[in-house]
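S.K.: next comes the sequence, and after it the predicted model I'd like to discuss.
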Amino acid sequence: MATRKKKRLRATGKLSTLDDFLGTEGKREEFEAVAIKEVLAWQIAEAMKKNNLSRKRLAERMGTSRSQVGRLLNPKDGNVTLTTLQRAARIVGRSLRLELI
């Protein structure tokens, strides 16, 4: 006869927020930067679809290479300048807004 494992309940008193956890691990800024880049890449890709704009055409209009556009649209590649983001946003009919909160 198979024995059943009882689920052990976790004590909730020691749980923290994701922000707290990432802060204690020293990863919060890195995580936020990746999240912001993912959102920007997604927004640009969606605007490209809406405007029926290929990567090749976006690269031509930006005066850059398709590999640079690939880096721009790669959510994990954070090595993109603000100038590049601004150019891409303008070409897809959007604008880039940065603010300190």
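M.R.: Cool, got the structure.

S.K.: so Phe31, which of the three states?
M.R.: Reducing the assignment at Phe31 to three states with DSSP: H, G, I helix; E, B strand; the rest coil gives helix.

S.K.: burial count for the closest residue to it other than its chain neighbours?
M.R.: What sits nearest to Phe31 in space, not counting adjacent residues and going by CB to CB, 6 or more residues apart in numbering, is Leu22, at 5.2 Å. No exception for glycine: its C-beta is placed from N, CA and C like everyone else's. With neighbours defined by other CB atoms under 10 Å, the count for Leu22 comes to 16.

S.K.: same question, the one 4 residues further on
M.R.: By the other CB under 10 Å criterion, the neighbourhood of Gly26 contains 8 residues.

S.K.: how close does it sit to Asp77?
M.R.: Distance of Gly26 to Asp77, computed by CB to CB, to the nearest Å: 22 Å.

S.K.: then Arg87?
M.R.: For Arg87, the distance to Asp77 under the criterion CB to CB works out to 16 Å.

S.K.: who has more neighbours out of these two?
M.R.: Set side by side, Arg87 and Asp77 show unequal neighbour counts under other CB under 10 Å, the larger going to Arg87 at 18 against 13.

S.K.: next up, the contacts around that one.
M.R.: Each residue near Arg87 by CB atoms under 8 Å, 6 or more residues apart in numbering is listed here: Met62.
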